[in-house]
Each structure stands twice: as structure tokens, then as C-alpha cells.
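>>> Take this sequence and fold it.
(chains A and B)
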Amino acid sequence: ETGVTQSPTHLIKTRGQQVTLRCSSQSGHNTVSWYQQALGQGPQFIFQYYREEENGRGNFPPRFSGLQFPNYSSELNVNALELDDSALYLCASSLPGLADDTQYFGPGTRLTVL
Amino acid sequence: QKEVEQDPGPLSVPEGAIVSLNCTYSNSAFQYFMWYRQYSRKGPELLMYTYSSGNKEDGRFTAQVDKSSKYISLFIRDSQPSDSATYLCAMSGSSNTGKLIFGQGTTLQVKP
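Sure, this is the predicted structure:
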């Protein structure tokens, strides 16, 4: 059973650019959540996808968007990057309804916006 | 006021000490309470999960939830240098797989 994987590991972009981050969920998990973790802070919920539909969104502007694919992998897209978007982006997968229905996190993608 | 407050530390203890980590929260709708451990440059790893009030023990770790006081704790007994990490409390109202609200994280260093 493979865990949650994310790519790329690190990314450097400039203000105004667009970025796509990728996440492969743990085998069998149909729900993916994305979080933003600024340096020295706890993760903040961006949104969640369940069976390819957005299933809840945190307090993030529309330039943060996402997709989930039939194999339950997911993408996070951020347009018009701002300096404050520099953070560790985490995805977490889960399978609601299981006895062990917790969220398992990937290692994250560290995004630096210059 | 943040929904979840956690003392960021840093906290430094000698090996073998008992460590107490705490979070307070304001939203009485929270029912699912978790503790995650995060090593430097890694994703959070689930340590303990508790539903509603009560205690839960797993090896050297004990999680306590007091919903009447809106206060949760994680105790680490016989702390080891390998326990050095950032500890994050997290909570959810709807389910364990829904939106998690995290504390700021407490950085713990266990010195040999």
C-alpha cells in the first residue's frame, strides 16, 4: 500500500505566475484535502474533493482552484501568485466511513514566490 | 481570536521527562480531536485521535479531551530525542475526514 505522494518537492515562482501542484492519494482513498502551511503556523484548510467534486472550501480566494481525477489523484492550481502564497502545500487523503477514517498527509510541496 | 490556540513554545526538556502539550478552542461544535507530529520538512503524521470527551492511551502517549473546558492535552511519557518535532493539535466538527482546524503547533526538543 503506497502512501500519499506529492510533486514537485520544491518550486520557485515569481509574482503573477501560475502554479500547479499534484497529489496522489493513498491507495483506495477517494477524498483529498489541500492545506496551506505558512512558516511557523499550523496548516489551513483550502478545500476538499470527494469523488471528483469540491466538497467544502476554506477562506481562500477563487484564484486557488482544484481538480480531482477518476483515479482520485488531485491538482491544486494557484493563479496570479502573490508573495504571501509562499508556504508548504499539503494534501491529505482519506476514505470516509472506514473505522480508520483519518486523514493521511503527504510530504508537501514547498512553494517560494519571489 | 483564533478558533484553536496552541502555545508555540519552543519547549525543551531532558530525555525521560514527561511532556504536556495543550490546546484550547472556542467552537463547541468540535467533536473530533487529533494530535499530529511533524518532523522538519515532512508532512504531519497522525499520533492520536479522540472522539468527544475522555482519555486515550497509546504506548507512551496519552490524549485527553475536556469538552466542558474546551481544552485538550497530549502527554508524552519517558520522552526520547526522537520525539523532537512540532506537535499540532487539530479538530473537526463534522467528521474526522472533513475540514480540520489546526493549532499553531508546539515545537518540542528532547535533549539527550
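
>>> contacting residues around the nearest residue to A:Gly42 once chain neighbours are set aside?
Leaving aside its chain neighbours, A:Gly42 sits nearest to B:Phe102 (3.2 Å; criterion: C-beta to C-beta, 6 or more residues apart in numbering or on different chains). (Each C-beta comes from the backbone N, C-alpha and C, glycine too.) Applying C-beta atoms under 8 Å, 6 or more residues apart in numbering or on different chains to B:Phe102 gives the contacts A:Tyr35, A:Gly42, A:Pro43, A:Gln44, B:Val4, B:Tyr36, B:Leu88, B:Cys89, B:Ala90.

>>> Pull the contacting residues for the fourth one.
By C-beta under 8 Å, 6+ apart, the contact list for A:Gln44 reads A:Tyr35, A:Gln36, A:Gln37, A:Ala38, A:Gly58, A:Asn59, B:Phe102.

>>> in the sheet, who's paired with the first one?
Right, the one you point to is A:Tyr35. A:Phe45, A:Leu90 (DSSP bridges).

>>> Got a quick PyMOL command for the buried subset of the contacts of B:Phe102?
Buried residues among the contacts of B:Phe102 (16 or more other C-beta atoms under 10 Å in any protein chain shown), as a PyMOL selection:
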select buried, (chain A and resi 35+42+43+44) or (chain B and resi 4+36+88+89+90)
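
>>> Same list, the contacts of B:Phe102, but as JSON lines with distance to A:Arg63 please.
What follows is the contacts of B:Phe102, written out as JSON lines (distance: C-beta to C-beta, whole Å):
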{"residue": "A:Tyr35", "distance to A:Arg63": "17"}
{"residue": "A:Gly42", "distance to A:Arg63": "22"}
{"residue": "A:Pro43", "distance to A:Arg63": "19"}
{"residue": "A:Gln44", "distance to A:Arg63": "15"}
{"residue": "B:Val4", "distance to A:Arg63": "26"}
{"residue": "B:Tyr36", "distance to A:Arg63": "28"}
{"residue": "B:Leu88", "distance to A:Arg63": "26"}
{"residue": "B:Cys89", "distance to A:Arg63": "30"}
{"residue": "B:Ala90", "distance to A:Arg63": "26"}
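
>>> Which one of the contacts of B:Phe102 is nearest to B:Ile72?
Distance to B:Ile72 across the contacts of B:Phe102 (C-beta to C-beta) is lowest for B:Cys89, with 6.0 Å.

>>> Regarding that closest one, which helix or strand does it belong to?
strand B:85-92 (DSSP states H and E).

>>> wait, does that strand make contact with chain A?
Yes. Contact between strand B:85-92 and chain A, assessed by C-beta under 8 Å from any C-beta of the partner chain, occurs at B:Leu88, B:Ala90.
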